[in-house]
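1. Would you be able to build a 3D model of this:
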Amino acid sequence: MKVGTSGGSGWLTGVVDAVTAAEEMGYDEISNGELQHDSMLSAALAAANSSRIGIGTFTIAFPRSPMVLAMEAWDIQHLSKGRFTIGLGTQVKGHNINRFSTEWPGAPAPRIKEYITMMRAVWKSFQTGEKPDYAGKYYHYTLMTPAFNPGPIDYPAPKIGLGCVGDGMSRVAGEVADVVMPHGFMTDKYMRDVLLPNVAIGLKRGGRTWSDIEVTGGGFTVFGETDSEIEQKLDGLRRPISFYGSTRSYHEIFEVHGLKDFGMQLHSMSLQGKWDDMRSAVTEDIVRVFAQTSTYDKLPEFVQEHREYASRISLGDLPTQTPEQRERAKHIIAEVQKVKVPGVPKGLEI
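-> Residues are numbered from 1 along each chain as shown. Sure thing, here's the model as predicted:
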């Protein structure tokens, strides 16, 4: 099991410290999202200041052209000596149109499939010098001259991860992505009843099996030294549940649990700017619908039982403030890394 952490998603001044600490702790990967800062800039800085750890992103695709991201990812893969995974996300309609001033395709899943296909076509032309000949509904790539071709690198092409919620995006992830990245706003029931079965459909469409992809363990988790510590941490999930739950694109997760009306309540409150009230509206019962928990000592068993489908898991909130805590965290990371799982969801063998 690969163990990752998040970091380097803030100001660039913090990236070097974050990646240095993660590498020293023994993490396999450090990833950064894209909320308030550019993920590719952070990834480049992390790659330049590390030697072993994998570098990953969650990068919003549609505001950028596939060529732009392909060029950046090619450079970071070269800089990192083959350690880069570019994770792509589509973002929701409102943010694409009103925050990024980007056209919305109407059907994001087919468009992101073409996006990934074009990125790989770009990398192929970089590596081999072949004339590009890709034409799709949303993107086309038929021109590359020597003056604009950076040329080959001594490493495989970057891996492409795809963030997914819903049937269509999950099928695309299974069909064309290297890494399936379930959205954090997820429950274990939704993962097993909806997301993973649709990934399996995509794998079959692409003539692939579970061994051809990696899956990141998804959903809200709370880990701690004791059950008492876990209980205290659970309260911190109210804000992210209320924030993501206010977005109608994610309400399918609520529907699986009979909570669609609650999702619409959160959406209505968000339109009124009642962010603090939204947090308070998330009851303890709803928190427990989303959260899976384990003490640190039982983490290996938790991973074997609840993440048998995954090859990656994030343990980004381990306490590391004191020397004793850092040694404890290193031990926990090492124990989880020893865990071997089949990489195939229960009941979804292909």
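2. and residue 339, that one's in a strand?
-> No. Under DSSP: H, G, I helix; E, B strand; the rest coil, residue 339 sits outside any strand and is assigned coil.
3. which residues touch it?
-> The contact partners of residue 339, taken as C-beta atoms under 8 Å, 6 or more residues apart in numbering, are 1, 300, 303-304. All C-beta spots, glycine's among them, are computed from the backbone N, C-alpha and C.
4. Backbone torsions only: list them for it.
-> Note on residue 339: backbone dihedrals following degrees, to the nearest 10 are phi -70, psi 130.
5. try residue 221
-> Dihedral pair for residue 221: phi -130, psi 150, per degrees, to the nearest 10.
6. Check the gap between it and residue 293 for me.
-> For residue 221, the distance to residue 293 equals 7 Å [C-beta to C-beta, to the nearest Å].
7. Look at these two and report which has more neighbours.
-> Using other C-beta atoms under 10 Å as the criterion, residue 221 and residue 293 rank with residue 221 on top: 23 against 17.
8. I'd guessed that one sits against residue 296; true?
-> No. Using C-beta atoms under 8 Å, residue 221 is not in contact with residue 296; the gap is 11.9 Å.
9. Which parts of the stretch 1-150 of the chain are helices?
-> If DSSP state H, counting those that start in this stretch is used as the criterion, the helices of the stretch 1-150 of the chain fall at 15-25, 39-48, 66-80, 93-98, 108-128.
10. go on, the stretch 151-300 of the chain?
-> Under DSSP H, counting those that start in this stretch, the stretch 151-300 of the chain gives helices at 167-176, 188-190, 196-205, 227-234, 238-245, 251-256, 260-271, 275-281, 284-290, 299-306.
11. count of neighbours near residue 6?
-> 18.
12. which residues does it form a beta bridge with?
-> Beta-bridge partners for residue 6, by DSSP bridges, are residue 31.
13. hang on, it packs against residue 34?
-> No. Using C-beta under 8 Å, residue 6 is not in contact with residue 34, being 11.8 Å away.
14. now, of the helices of the stretch 151-300 of the chain, which is deepest in the fold?
-> The highest mean neighbour count among the helices of the stretch 151-300 of the chain, using mean count of other C-beta atoms under 10 Å, belongs to helix 167-176: a mean of 24.
15. contacts for that one?
-> Defining contact as C-beta under 8 Å, 6+ apart, one finds that helix 167-176 is touched by 90, 107-110, 112-113, 116-117, 160, 162-164, 180-181, 194-196, 198-203, 205-206, 208, 213.
16. Distance from that helix to the middle of the chain?
-> Chain-centre distance of helix 167-176: 14 Å, with C-alpha atoms, centre = their mean, to the nearest Å.
17. quick one: it to helix 108-128, angle?
-> Angle of helix 167-176 versus helix 108-128, following axes from the mean of the first three to the mean of the last three C-alpha atoms, to 10 degrees, is 20 degrees.
18. Can you get me the start-to-end distance on stretch 276-294?
-> The straight-line separation of the ends of stretch 276-294 (C-alpha to C-alpha, to the nearest Å) is 28 Å.
19. coming back round to it: CSV for the helices of the stretch 151-300 of the chain, including distance to residue 345 and mean pLDDT?
-> Below are the helices of the stretch 151-300 of the chain laid out as CSV (distance: least, C-beta to C-beta, whole Å; pLDDT from 0 to 100):
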stretch, distance to residue 345, mean pLDDT
helix 167-176, 11, 97
helix 188-190, 11, 95
helix 196-205, 5, 98
helix 227-234, 26, 93
helix 238-245, 23, 94
helix 251-256, 16, 93
helix 260-271, 25, 95
helix 275-281, 32, 95
helix 284-290, 19, 94
helix 299-306, 11, 96
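20. Please pick the buried ones from the contacts of helix 167-176.
-> 90, 108-109, 112-113, 116, 160, 162-164, 180-181, 194-196, 198-200, 202-203, 206, 213 (16 or more other C-beta atoms under 10 Å).
21. how close does the residue nearest to residue 109 when sequence neighbours are not counted sit to residue 194?
-> Of all residues beyond its chain neighbours, the one nearest residue 109 is residue 168 (3.5 Å), with distances taken as C-beta to C-beta, 6 or more residues apart in numbering. Distance from residue 168 to residue 194, counting by C-beta to C-beta: 11 Å.
22. before we move on, what about residue 284?
-> Using C-beta to C-beta, residue 284 is found at 25 Å from residue 194.
23. And residue 50, by the same measure?
-> Noted for residue 50: a distance of 36 Å to residue 194, by C-beta to C-beta.
24. got it, and residue 37?
-> 31 Å.
25. same check, this time on residue 255
-> Residue 255 sits 10 Å away from residue 194, taking C-beta to C-beta as the criterion.
26. picking that back up, among the contacts of residue 339, find me the one that's closest to residue 324.
-> Nearest to residue 324 out of the contacts of residue 339 is residue 300 (C-beta to C-beta; 21.1 Å).
27. Skipping its backbone neighbours, what lies nearest that closest one in space?
-> Excluding the flanking residues, the one nearest residue 300 by C-beta to C-beta, 6+ apart is residue 339, at 5.1 Å.
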